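Student: Quick check, what structure comes out for this input:
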Amino acid sequence: MRGPASPAWTGRARDRYICPVDPGELLDLLKRRTGFTEAHAALLRELGEVMVPIAHEVALAFYDYLGRDPELGAILHAEPGRVERLYRTFARWYGELFSGVYDRAYAERRRRIGLVHARLGIGPRAMIPAMGIVQELSLEHMRMALRGHEVYSAVEAFEKLVAMEVALIEESYLEALSLGLSLGHRDLTQALKEGASALLSRA
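Tutor: Model (predicted):
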């Protein structure tokens with residue numbers, strides 16, 4: 001008999017908790033709720049020329065923020081090379097914010113990002129405040145790089161996208177936690193990690 005720490009799938013839990021919310025459908029819902037349009041997407045694509053070059057700077061600030069917390073710092077440095085891999089992943093993620101393409105594949109990549117962080121034990125209590133660092137640095141750069149009349153529309157488009165990003169990633173945490181609890185874990189952190197690990201292995 002398998003203990004509660006096993007990531008194995010069992011009967012109805014498997015059927016019920018595999019991606020209960022379709023990422024593409026969720027993204028469409030978020031676009032409607034935030035008022036995100038093709039005009040916003042086009043504007044973000046244009047902003048890429050100004051914003052993508054600061055991806056590594058923002059990554060450094062993001063993981064520096066997480067690393068200053070003793071618990072999170074221990075997770076980030078638990079194995080050699082982890083932080084460096086996360087930096088590269090973050091830079092790709094940040095660049096995609098200004099791709100201008102926000103479709104099902106985009107949403108599925110966001111789901112995976114949330115699951116990867118959840119598997120490491122970096123939950124929403126860490127990720128959501130850290131996203132505030134991303135938003136702060138990005139908006140500051142926009143204000144410096146753009147002309148006065150351009151800033152307002154750029155900020156509007158970016159803030160709508162960040163709201164969708166947070167919702168997509170948060171949904172992946174809920175998915176992982178639900179599965180972890182269904183597998184018998186009662187500690188919430190462990191349930192989050194094991195649920196995310198099971199979902200990633202399934203993918």
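Student: Now for this protein, the helix or strand with the poorest mean pLDDT.
Tutor: Ranking every helix and strand in the chain by mean pLDDT, DSSP states H and E puts helix 11-17 at the bottom, with a mean of 46.
Student: Where does the prediction get shaky in this structure?
Tutor: Residue ranges of the chain with pLDDT under 70: 1-20, 203.
Student: show me where it has helices.
Tutor: 11-17, 23-34, 38-51, 55-67, 70-76, 82-96, 104-120, 124-145, 148-182, 188-202 (DSSP state H).
Student: Mean neighbour count added to those, as TSV?
Tutor: (Each C-beta comes from the backbone N, C-alpha and C, glycine too.) Shown next, in TSV, are those (neighbours: other C-beta atoms under 10 Å):
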stretch	mean neighbour count
helix 11-17	13
helix 23-34	16
helix 38-51	16
helix 55-67	17
helix 70-76	14
helix 82-96	15
helix 104-120	20
helix 124-145	16
helix 148-182	19
helix 188-202	20
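Student: how much space between Val134 and Ile169?
Tutor: 12 Å (C-beta to C-beta, to the nearest Å).
Student: er, Glu156 actually
Tutor: From Glu156 to Ile169 the distance is 21 Å (C-beta to C-beta).
Student: Over to Pro129?
Tutor: For Pro129, the distance to Ile169 - C-beta to C-beta - is 13 Å.
Student: Ok, Ala107 next?
Tutor: 10 Å.
Student: Then Ala91?
Tutor: Separation of Ala91 from Ile169 (C-beta to C-beta): 17 Å.
Student: Over to His149?
Tutor: Separation of His149 from Ile169 (C-beta to C-beta) stands at 32 Å.
Student: ok, now which ones touch the residue nearest to Val116 when sequence neighbours are not counted?
Tutor: Among residues not flanking Val116 along the chain, Leu200 sits closest, at 7.0 Å (C-beta to C-beta, 6 or more residues apart in numbering). Leu200 makes contacts with Arg112, Leu115, Val116, Arg119, as judged by C-beta atoms under 8 Å, 6 or more residues apart in numbering.
Student: same question, Met127
Tutor: Each residue near Met127 by C-beta under 8 Å, 6+ apart is listed here: Gly114, His117, Ile169.
Student: residues contacting the spatially closest residue to Arg104 that is not a sequence neighbour?
Tutor: In this structure, Arg104 finds its nearest non-sequential neighbour in Gly24, 3.3 Å apart by C-beta to C-beta, 6+ apart. Counting by C-beta under 8 Å, 6+ apart, Gly24 makes contact with Asp103, Arg104, Ala107, Glu108.
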